[in-house]
Structures are given as structure tokens and as C-alpha cells.
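1. Next input, structure requested:
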Amino acid sequence: MSRTLEARRARRSVRTRWIVRVTAVVIAAFSLLTAVLILVACFVNDQRIDRDMGSTTATVTEVTDRRAAVEFDAGGGRHVRPVTGVFYPIGLIEGQRVQVEFRRANPDLVRVSGRSWTVAVVPALSIPAVTVPLAALAYAAASPRVHRPSPRVPRTDPR
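-> Modelled structure (predicted):
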């Protein structure tokens, strides 16, 4: 009876280690994929703005830890306040007037002049910079080599 109990425990241990390893790989891959997709989205939006660019001065109306809201005149009497705010809002303060570039066909795509997708590299890679090493540690801790008992070497006494 104890052999079957030991066998079940061993199978459960192997399965648990496998689940931990697969979860670690999935989390690491997901964080890397998310970072890459964020950077691709920033690059694509910048390309859209560059192909049909308008430029004006905007007023920063609200700044939160996630975004900065701006409002500006997009020409032709169109007063715009993009729902998502301005891209690359680092360092903006409420009430500040700032030069922006926007897509004339869709003024909701707006960025601070002189800034590009490269500003998003550090924030986008900050999550995988933490997640991937932690996932690697979890993977290594669940590795069968870590849990394999070391072989017993008989001691020889020189006496």
C-alpha cells in the first residue's frame, strides 16, 4: 500500500513541476508578446500620423498617471479632445501649451511634437524585464534536476 502512495506522490510532484514550468513559459512569452505588440502599435500609429500630418498647439487639460488629455483646433473649426489623450505624455503638466502632431483624417491620433515610438521602448520592456527573470527562476526551481536526489557516495575511511 505504501508503494502505491509513494507512486501517486511522485506522479503528483512531476505533474505539479510540469504545470509550474509550463505556466512560467506562458507568462514569460505573454509578457514579451505584449511588449512587442505595444511597440508595434506605437510604430504603426506614428506612421499613420506621419503620412497625413497636421500640426498645432494644444492645451493640456488633465494629467493622470496613465494619460494626458489635450484639446486643440484641428483646422476647419474642428475642436478636438482625443478620448485616449496624447501619445508619449511624459513630463506634461496641466495648463501647459504644447506643440502636437496629429493625423488630419483622424485627429484622435495625436502625439507630442518631436516624440516617437522610441519613447515607448523603456516602459514597454519594463514588464518583461521583471517577469522573464522571475519566470526563469520559477522554471528552474521546478526543474527535475533541482529535485533529483543526489547519488550517495560510499565513504571510505583512510584508517
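
2. Sheet-wise, list the partners of the biggest strand by length in the chain with their directions.
-> In terms of residue count, the longest strand belonging to the chain (DSSP state E) is strand 53-63. Sheet partners assigned to strand 53-63 using DSSP bridges are listed as strand 68-73 (antiparallel), strand 97-103 (antiparallel).

3. what's the pLDDT at the spatially most central residue of the chain?
-> With distances taken as Cα atoms, centre = their mean, A35 lies nearest the centre of the chain, 4.0 Å away. A35 carries a pLDDT score of 97 in this model.

4. Would you work out how far apart the start and end of stretch 102-109 are?
-> 6 Å (Cα to Cα, to the nearest Å).

5. tell me the average confidence for that stretch?
-> Taken as a whole, stretch 102-109 has a mean pLDDT of 93.

6. and it, which residues are buried?
-> Going by neighbour count (16 or more other Cβ atoms under 10 Å), the buried part of stretch 102-109 is F102, R103, R104, P107, L109. Just so you know, the C-beta spots here come from the backbone N, C-alpha and C atoms, and that holds for glycine as well.

7. would you list the residues you listed in CSV and tack on distance to V122?
-> What follows is the buried residues of stretch 102-109, written out as CSV (distance: Cβ to Cβ, whole Å):
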residue, distance to V122
F102, 24
R103, 25
R104, 30
P107, 27
L109, 22
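
8. of all these, which comes closest to V44?
-> Nearest to V44 among the buried residues of stretch 102-109, counting by Cβ to Cβ, is L109 at 10.0 Å.
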